[in-house]
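Enquirer: Take this sequence and fold it.
(chains A and B)
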Amino acid sequence: MSDQSLLSPTGVDLVFALLALVAVASALMVVSTTQIVHAALWLVVSLGAVAGCYLVLTAEFVAWMQVLIYLGAVVVLLMFGMMLTRAPIGPSDDLTGTNRLVALFAAVALTAVLGVLVVDAFGSTMIDVSGEPSSASVMGEALFRHWVLPFEALSVLLLSALVGAIALSKSDEEA
Amino acid sequence: MHLSLPLLLSVALFGIGVYGLLVRRNAILVLMSVELMLNGVNVSLVAFDVFWAEALRAGQSLAIFVITIAAAEIGLGLAILLLLYRMRGSIAVDEATDLREDPA
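Expert: This next block holds a predicted model:
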């Protein structure tokens, strides 16, 4: 662990805190905006800021996977879903249910419990982010040396999920 | 860097995702909230991977697996939503009440 003192934030800390602030603020916009397309665009901002956080944490390959899969594929799929279900363009009030207070209470309680737990358990633990970033070659070696079986199982899972998606969304007329 | 900094980001994203999951009516927005929760989990996986710094790279490998599963989940989830929309003309989650017990 590094030997820096608890109360002197370094530049890395500040960059991470700023990115985290962007991620949290845009995540709040995702769950509170009244325009469904804006929610998808705020999701892009939030996931992009999280990818920046991965870069600060030296997880280079995960960051690029986040950009490629989440920002590239998942958000486009969500947009297609909006288009195909004729989501309302422009502000609409019925995106949010009536149980707002209950949801707020549950989420704040959960966040408070987890946050207190994390600070209590790891409040003084430092991590070293000055090491070598885990590039594609490092991650490829780890994945294909130690994680081959889960990796292959996951590829079969992904294949069956996508075949299932095609089978579900096929129209019944020719069946 | 403090380990609690990325962990607090993870907790915040997870909590916001829980709020969106509970409060949103449109099912696509519910799926987005699930994505936020999965991202929160991923941040803590990567943070603990950097904390342990072992050769297995368990945290980052699991983060990549979670990203893959999230992609599969979005594909299947949207197919189910399309089917729901085709059957009922609406994807509001509180109108899909087929499995609800009849109010007494």
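Enquirer: Tell me where the longest helix sits in chain B.
Expert: helix B:58-88 (DSSP state H).
Enquirer: what's in contact with stretch A:121-139?
Expert: A:1-2, A:4, A:6, A:12, A:55-62, A:64, A:142, B:1-4, B:7, B:47, B:50-51, B:53, B:57, B:60-61, B:64 (CB atoms under 8 Å, 6 or more residues apart in numbering or on different chains). For the C-beta atoms, the positions are set from N, CA and C on the backbone; glycine is no exception.
Enquirer: swap in stretch A:97-104?
Expert: The list of residues contacting stretch A:97-104 from outside it, by CB under 8 Å, 6+ apart, reads B:Val18, B:Tyr19, B:Leu22, B:Val23, B:Arg24, B:Arg25, B:Asp94.
Enquirer: try 10 Å this time
Expert: Residues outside stretch A:97-104 that contact it (CB atoms under 10 Å, 6 or more residues apart in numbering or on different chains): A:31-32, A:96, A:105-106, B:18-26, B:92-94.
Enquirer: roughly how far out does it sit from the chain middle?
Expert: 23 Å (CA atoms, centre = their mean, to the nearest Å).
Enquirer: buried subset of the contacts of stretch A:97-104?
Expert: Among these, those classed as buried by 16 or more other CB atoms under 10 Å in any protein chain shown are A:31-32, A:96, A:106, B:18-26, B:93.
Enquirer: So which of those sit within helices?
Expert: Residues of these located in helices (DSSP H): A:Val31, A:Ser32, A:Ala106, B:Val18, B:Tyr19, B:Gly20, B:Leu21, B:Leu22, B:Val23.
Enquirer: give me the low-pLDDT residue ranges for chain A?
Expert: Scanning chain A for pLDDT under 70 picks out the ranges A:1-8, A:172-175.
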